[in-house]
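**Q** model the structure of this input:
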Amino acid sequence: MTVAAVILAQTAEEALVPIDGVARVRHLADAAWSGGAMPVVVVAADPDGALAAALGGSMAVLVPALASDGGPADQIVRGIEAAMTRVAETTAALVWPVQMAWVDAATVTALIEAHPRDPGAVLRPAWQGEPGWPALVPVTQLGTLRRVAPRLAGDAVLAHLASAGVASLALELGDPGVRYDTATARQALPVFEGPERPLSGHPPEWGASVAPPTPDS
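**A** Reported below is the predicted structural model:
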């Protein structure tokens, strides 16, 4: 099974806010790739090419956001469809608001590892019992997503899926970044309490630091 990452930004300005010396969107793209997501798709308007420049050299692909009449749910569908076009074997996508920049790459790995256990379910990482982001959405739910009222956003989109009978599971992963966005400074975050090893896979890779990939990697 292949799990993509779909990073969503309402504006280029919010995507370009610097994090650790790079644009926020680049930081997320690197974290998604390091955690095992592929392909990595960024859905955002890029009127002056600044986003494309920020993503240069990464493994992310930039997909222009729909016109203003396309709401958040439409942008999610657009990103998932772009991921499926790029990698036909894509079975799910991590829907990732660009504000959630503190998510650890280990959390990405854990969500991807959990996907085969219940491939039709929406998976959400939780912090102290509260579900957060990114949310893993199976591509089998695209039809339901297309029927979502276009102005629904965030939790409302996932609530709509649940009301349509889509199973939703929360995984307690001990990562405060799934609940705290960049309105909270990194140094003010609670301590990361993730599991000592991934749900499956090789322990030495668990919690590895995020390193920007190169096109040749």
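
**Q** tell me which residue of this protein is furthest from the middle?
**A** Centroid-distance maximum for the chain: residue 48 at 24.2 Å, with CA atoms, centre = their mean.

**Q** what's the longest helix in the protein?
**A** Taking DSSP state H as the assignment, the helix of the chain that covers the most residues is helix 72-86.

**Q** returning to what we had before: quick check: chain neighbours aside, which residue is closest to the residue farthest from the centre of the chain?
**A** The shortest distance from residue 48 to any non-neighbouring residue, by CB to CB, 6 or more residues apart in numbering, is to residue 12 (7.5 Å). For every residue, glycine as well, the C-beta is placed using N, CA and C.

**Q** report the next helix or strand after the longest helix of the chain in sequence order.
**A** strand 90-97 (DSSP states H and E).

**Q** output that following strand as PDB, nothing but the C-alphas.
**A** Listed next in PDB are the C-alpha coordinates belonging to strand 90-97 (Å, rounded to 0.1, in the frame of the first residue of the first chain):
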ATOM      1  CA  THR A  90      -1.800   5.200  -3.900                       C
ATOM      2  CA  THR A  91      -4.300   3.800  -1.500                       C
ATOM      3  CA  ALA A  92      -4.600   6.700   1.000                       C
ATOM      4  CA  ALA A  93      -3.400  10.200   1.600                       C
ATOM      5  CA  LEU A  94      -2.400  12.100   4.700                       C
ATOM      6  CA  VAL A  95      -4.500  15.300   4.600                       C
ATOM      7  CA  TRP A  96      -2.200  17.800   6.200                       C
ATOM      8  CA  PRO A  97      -3.000  21.500   6.800                       C
END
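
**Q** now the helices: where do they sit in this protein?
**A** Listed in chain order, the helices of the chain (DSSP H) span residues 12-15, 24-34, 50-55, 72-86, 105-114, 142-146, 155-163.

**Q** and these: which comes nearest residue 124?
**A** Among the helices of the chain, the nearest to residue 124 by CB to CB is helix 155-163 (7.4 Å).

**Q** list the buried ones in that closest one?
**A** Neighbour-count burial for helix 155-163 flags 157, 158, 160, 161 (criterion: 16 or more other CB atoms under 10 Å).
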